[in-house]
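Asks: here is a sequence together with a model predicted from it:
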Amino acid sequence: MHLAYPAVLSALLFCTGLYGVLARRNAILVLMSVELMLNAVNLNLVAFDVWLSRTAEETLHSGQALTLFTIAIAAAEIGIGLAIVLAVHRNRGTADIDKLRDTAERHDPDGTDHDALTAEQSGEAQKAEATA
Amino acid sequence: MTLAATAGLLTAGPTTRAAAETHGFLSPTGVEIAFLLVGLVTFGAALVTVTTRQLVHAALWLVVTLGGLAVEYLLLTAEFIAWVQVLIYVGSVVVLLLFGLMLTRAPIGRSPDADSGNRWGALTVAVAAAAALVWVVVDAFRTTWIDLDGPAAGSTEATGASLFQNWVLPFEALSVLLLAALVGAIVLSRKAKAAAAIATESTPAARSEEDRIEKDRSDKGRSEKDGIEKDGIEKEGTR
């Protein structure tokens, strides 16, 4: 098989995931796009491991071992990421990453509405932290 | 993809023509045709995953993408990775994502605010990155072939031997990391419950309201822990 097939497919999948990470607003959809990017990297690792195991007679199978590690770490990442998203949703009532802007520096002139909203949200967050 | 690769090959000059003739690039093998078709399905499903406005449909199209990638692993003779992909990604990661979608009360129908305002910038960045990556990759590997004949490079025997001969220490470290992730997810999902309990103690007037919220939260935490425990069990099964 030509090596360009899996390499091109993984490049396209990676860029699809990149678009999803940049364009999506829901945090869980962003996590899905991150999974797409990780899978693109996995496909590259497997393809090059199969190529090198024949061409260079590499018997370490480092590509496939790294793929297994990536899959396990992705599973751990999705568990922790969803726990964080659920905690944020519990405290703020939203999983919309455009609205979670407490650490953003504000210079916009029409920020009164935003500031009031943020003050209310941070007040809620401080209450939650104070009671914790 | 095929056209670009062909054009690159034809302009490669006489040094690569011999390799092309031995491999017969213009008459692709059956494995290549199967890889191309499954790859088109995978890529299309990935595009629908990142563009659809129905959140649950996005998770289900993600299943198609991950399953297509498992088939690609099988075509590359990496069978153990393919079954691990089916078990962990299709079996548990997508289930966790669906749990997350349900628990954040995502709308089941169409949600018009699924894409943020910077989608055209994102599209520009993604298309530019795709063009650059595909050009570089095709230019670099236009004369490289994978030899898929003979014993499978990624059979369970070969993968297990290399994993337990050369990669034992990272493997065990990974199990500690999975345990830490499990404990961390449980801690993250239990913290709000303790906070609600203390709030109930401090303000008895709002007790009934807090009780209702706490019950809601404990229900969420329980179902989330169920999902994570199932995840852990499946990870144990693949080890």
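Replies: Cool, the structure landed.
Asks: what's the longest helix in chain A?
Replies: helix A:62-92 (DSSP state H).
Asks: that one: how far from the chain's middle?
Replies: 9 Å (C-alpha atoms, centre = their mean, to the nearest Å).
Asks: flag every buried residue along that helix.
Replies: A:62-72, A:74-86, A:88-92 (16 or more other C-beta atoms under 10 Å in any protein chain shown). For glycine as for every other residue, the C-beta is placed from the backbone atoms N, C-alpha and C.
Asks: so which of the residues you listed are also by chain B?
Replies: Subset of the buried residues of helix A:62-92 in contact with chain B: A:62, A:64-65, A:67-69, A:71-72, A:74-80, A:82-86, A:89-91, counting by C-beta under 8 Å from any C-beta of the partner chain.
Asks: show me where chain B has helices.
Replies: According to DSSP H, the helices that chain B contains are B:2-10, B:14-23, B:30-51, B:55-75, B:79-84, B:94-103, B:119-140, B:156-166, B:168-202, B:207-238.
Asks: kindly report the same for chain A.
Replies: A:4-23, A:27-55, A:62-92, A:112-131.
Asks: show me what residue B:145 bridges to in the sheet.
Replies: Beta-bridge partners of residue B:145, counted by DSSP bridges, are residue A:2.
Asks: count the residues that sit near it.
Replies: As a burial measure, residue B:145 scores 18 neighbours (other C-beta atoms under 10 Å in any protein chain shown).
Asks: surely it touches residue A:1?
Replies: Yes: the criterion here is C-beta atoms under 8 Å, and residue B:145 meets it with residue A:1 at 6.8 Å.
Asks: with adjacent residues omitted, what lies nearest to the residue nearest to the spatial centre of chain A?
Replies: For chain A, the residue nearest the mean C-alpha position is residue A:34 (3.6 Å; C-alpha atoms, centre = their mean). Once flanking residues are discounted, residue A:34 sits nearest to residue A:21: 6.3 Å by C-beta to C-beta, 6 or more residues apart in numbering or on different chains.
Asks: what's near enough to touch that neighbour?
Replies: A:30, A:33-34, A:37 (C-beta atoms under 8 Å, 6 or more residues apart in numbering or on different chains).
Asks: can you rerun that using 10 Å?
Replies: Residues near residue A:21 by C-beta atoms under 10 Å, 6 or more residues apart in numbering or on different chains: A:29-34, A:36-37, B:50, B:122, B:126.
Asks: please apply the same query to residue B:63.
Replies: B:45, B:49, B:89-91, B:93-95, B:97-98.
Asks: with neighbour count and distance to residue B:156 as extra columns, can I get the residues you listed in CSV?
Replies: Listed next are the contacts of residue B:63 as CSV, based on neighbours: other C-beta atoms under 10 Å in any protein chain shown; distance: C-beta to C-beta, whole Å:
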residue, neighbour count, distance to residue B:156
B:45, 21, 27
B:49, 26, 30
B:89, 25, 18
B:90, 18, 19
B:91, 18, 18
B:93, 28, 22
B:94, 21, 24
B:95, 16, 25
B:97, 25, 28
B:98, 19, 29
